[in-house]
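1. Requesting a structural model of the entry that follows:
(2 chains)
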Protein chains: 2
Amino acid sequence: MERHFERELDKLNKRLIEMGSKVETMIHLAIQSLVERNGELASGIPALEQEVNHMQLQIDDAALRLLATQQPVAMDLRFLVTAMKINSELERVGDQACNVHENTQILLQYPPLKPLIDLPVMAQIAEHMVRESLDAFVKRDAIQAEAVIMEDDRVDALKDQVFRELLTYMMSDPASIQRALALILISRNLERIGDQAVNIAEDVIYMAAGRDVRHPQKERSG
Amino acid sequence: MERHFERELDKLNKRLIEMGSKVETMIHLAIQSLVERNGELASGIPALEQEVNHMQLQIDDAALRLLATQQPVAMDLRFLVTAMKINSELERVGDQACNVHENTQILLQYPPLKPLIDLPVMAQIAEHMVRESLDAFVKRDAIQAEAVIMEDDRVDALKDQVFRELLTYMMSDPASIQRALALILISRNLERIGDQAVNIAEDVIYMAAGRDVRHPQKERSG
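-> Next up is the predicted model:
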């Protein structure tokens, strides 16, 4: 029974990692399509979103079923609840990648405003944060999760830099306003992804700290 | 024992409602301070944010403790897990209210750009959505939750309208760009709050549908 539970937790981990890698691909394709000005590159995003939405339901069901049938306590309980929170968060990272994709479709209707340097870097850091926060979850590693939170400062600094730069474009040339706005909104989408990775990391830290669950009445192993 | 559990669930409900009313107040104060151009009105927001953050931890702990000690199944299990998801969501609604507040502080440094009509309406709808989604949760009412999701179309339509209007301001007068941008960002903050209420409503519907939890092994009421 216990070994069965371990196996099920392991399956859940693998699914979350797989879901994480799908949303990373979504971010990557959306930004690549923007940088290379190639709408085709992003054509797989809607199908990926469908898959991610489907996985979210599956993972939620699997976690709820484990809670109901195994009635875990202490660390295993926290782990399952955290898995469900991370699951919701990942689905919303996917939504943000879709928002980048939508804003990109607007941009591709116009000639390029400027070479894009900061946005791809922001995207790369945000992807890395998502990956690392999930890895910290699977390893139950609060220190790795702390590192994710530190990385968010770079994303925020880049967001401010992008904003200032695009503001000067807008002020000096009204013809740039629509494109600059779309780029600002994309930087906000990427900032949100960084925030979502921070949310995951915070959940991992709270889980790993583990001092808040008391279970005075029943001790069960599975 | 059962009665004890019911009482605890009831307490949890009341706390979530209280937390919801605090974040509603935060939204309200932030927008009122913007409309009346009075920074003082929003001075209570940081303290409210602290209280909301504190409540989030308390509610999470209470729900986890109930999961561990009462080991509920079926509807009660789903209810507790949903309470934890809603808890995270409410805290993030509070974060968005803080973002409105920050953008307002920028705006109050400049003379007013235009009378604000749509943003207060957006805020009012978003507040209503948060309140109704929580009420639907407490009543376990999927139909009421569906109504919240329908309301979001109005928020999105207002967001698009605000965007188009402010874009024309920016195009015709570069001196308006910074203020128009801050107002656009506020409309995005309010849009996010609408989305967060939709997230809560979707969780309620998923909870109320209740067809995905199977519990073949143990049936416990305690």
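2. give me the element the spatially most central residue of chain A is part of.
-> Central residue of chain A (C-alpha atoms, centre = their mean): A:V93, 4.0 Å from the mean position. Counting by DSSP states H and E, the element that carries A:V93 is helix A:74-107.
3. Give me the angle between that helix and helix B:74-107.
-> Helix A:74-107 runs at 50 degrees relative to helix B:74-107, counting by axes from the mean of the first three to the mean of the last three C-alpha atoms, to 10 degrees.
4. buried residues in helix A:74-107?
-> A:76-104, A:107 (16 or more other C-beta atoms under 10 Å in any protein chain shown). For the C-beta atoms, the positions are set from N, CA and C on the backbone; glycine is no exception.
5. what does chain A have sitting close to chain B?
-> Taking C-beta under 8 Å from any C-beta of the partner chain as the contact definition, chain A meets chain B at A:60-61, A:64-65, A:67-69, A:71, A:73-74, A:77-78, A:81, A:84-85, A:88, A:167, A:170-172, A:174, A:177-178, A:181, A:184-185, A:188, A:199, A:206, A:212-218.
6. Can you say which of the residues you listed are buried?
-> Buried residues within the residues of chain A next to chain B, defined by neighbour count using 16+ other C-beta under 10 Å: A:60, A:64-65, A:67-69, A:71, A:73, A:77-78, A:81, A:84-85, A:88, A:170-171, A:177-178, A:181, A:184-185, A:188, A:199, A:206, A:213, A:215.
7. so the residue nearest to the centre of chain A touches A:I193, yeah?
-> Yes: with contacts counted by C-beta atoms under 8 Å, A:V93 reaches A:I193, the gap being 5.4 Å.
8. intersection of neighbour lists for those two?
-> Residues touching both A:V93 and A:I193 (C-beta atoms under 8 Å, 6 or more residues apart in numbering or on different chains): A:27, A:130.
9. returning to that earlier point: relative to chain B, how far out is the residue nearest to the centre of chain A?
-> Distance, A:V93 to chain B, by C-beta to the nearest C-beta, to the nearest Å: 14 Å.
10. residues contacting the nearest residue to that residue once chain neighbours are set aside?
-> Of all residues not flanking A:V93 in the chain, A:V23 sits nearest, at 4.6 Å (C-beta to C-beta, 6 or more residues apart in numbering or on different chains). Contacts were defined as C-beta under 8 Å, 6+ apart; by that measure A:V23 touches A:48, A:52, A:90, A:93-94, A:97, A:130.
11. Now tabulate the residues you listed in a markdown table and tack on pLDDT and distance to B:L134.
-> Converted to a markdown table, those look like this (pLDDT from 0 to 100; distance: C-beta to C-beta, whole Å):
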| residue | pLDDT | distance to B:L134 |
| --- | --- | --- |
| A:L48 | 98 | 32 |
| A:V52 | 97 | 27 |
| A:L90 | 97 | 24 |
| A:V93 | 97 | 25 |
| A:G94 | 97 | 26 |
| A:A97 | 97 | 29 |
| A:V130 | 98 | 29 |
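12. now the helices for chain A?
-> Along chain A, counting by DSSP state H, helices occupy A:2-35, A:45-70, A:74-107, A:118-139, A:142-172, A:177-209.
13. other SSEs contacting the last one?
-> Applying 3 or more C-beta pairs under 8 Å, 6 or more residues apart in numbering or on different chains; DSSP states H and E, one finds that helix A:177-209 contacts helix A:2-35, helix A:74-107, helix A:118-139, helix A:142-172, helix B:142-172, helix B:177-209.
14. So what's the gap between that helix and the chain middle?
-> 8 Å (C-alpha atoms, centre = their mean, to the nearest Å).
15. Name the spans of chain A whose pLDDT lies under the cut-off.
-> Applying pLDDT under 70 to chain A flags residues A:1, A:210-222.
16. one step back: identify, from the contacts of A:V23, the entry nearest to B:R3.
-> Set against B:R3, the nearest of the contacts of A:V23 by C-beta to C-beta is A:L90 (38.5 Å).
17. which residues sit in contact with that closest one?
-> Under the criterion of C-beta under 8 Å, 6+ apart, the neighbours of A:L90 are A:16, A:19-20, A:23, A:52, A:56, A:130, A:134, A:196, A:200.
18. repeat that for 10 Å
-> Residues counted as contacts of A:L90 (C-beta atoms under 10 Å, 6 or more residues apart in numbering or on different chains) are A:16, A:19-20, A:22-24, A:52, A:55-56, A:59, A:130, A:133-134, A:196-197, A:200.
19. So which of these wins on neighbours?
-> Ranked by neighbour count (other C-beta atoms under 10 Å in any protein chain shown), the contacts of A:L90 have A:A197 at the top, with 30 neighbours.
20. surely it meets A:D135?
-> No: assessed by C-beta atoms under 10 Å, A:A197 is found out of contact with A:D135, at 11.2 Å.
21. residues contacting the closest residue to A:I59 other than its chain neighbours?
-> Leaving out its chain neighbours, the residue that sits closest to A:I59 by C-beta to C-beta, 6+ apart is A:N87, at 4.7 Å. Counting by C-beta under 10 Å, 6+ apart, A:N87 touches A:12, A:15-16, A:19, A:55-60, A:62-63, B:85.
22. Turn those into JSON lines, columns for distance to A:D156.
-> Below are the contacts of A:N87 laid out as JSON lines (distance: C-beta to C-beta, whole Å):
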{"residue": "A:L12", "distance to A:D156": "32"}
{"residue": "A:R15", "distance to A:D156": "31"}
{"residue": "A:L16", "distance to A:D156": "26"}
{"residue": "A:M19", "distance to A:D156": "26"}
{"residue": "A:M55", "distance to A:D156": "29"}
{"residue": "A:Q56", "distance to A:D156": "27"}
{"residue": "A:L57", "distance to A:D156": "32"}
{"residue": "A:Q58", "distance to A:D156": "34"}
{"residue": "A:I59", "distance to A:D156": "30"}
{"residue": "A:D60", "distance to A:D156": "31"}
{"residue": "A:A62", "distance to A:D156": "35"}
{"residue": "A:A63", "distance to A:D156": "32"}
{"residue": "B:K85", "distance to A:D156": "26"}
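23. ok, which pair from these is furthest apart?
-> Farthest pair in the contacts of A:N87 (C-beta to C-beta) is A:R15 and B:K85. Separation: 18.3 Å.
24. isn't A:L166 right next to A:D173, touching?
-> No: A:L166 is not in contact with A:D173 according to C-beta under 10 Å; the separation is 11.2 Å.
25. So for those two, which residue has more residues nearby?
-> Set A:L166 next to A:D173 and count neighbours by other C-beta under 10 Å: A:L166 wins out with 23 against 12.
26. Contact partners for that one?
-> Shown in contact with A:L166 (C-beta under 10 Å, 6+ apart): A:113-114, A:118, A:176-177, A:179-184, A:187, B:181.
27. What of A:R15?
-> Applying C-beta under 10 Å, 6+ apart to A:R15 gives the contacts A:55, A:58-59, A:62-63, A:83, A:87.
28. One more pass at 6 Å, please.
-> Shown in contact with A:R15 (C-beta atoms under 6 Å, 6 or more residues apart in numbering or on different chains): A:I59.
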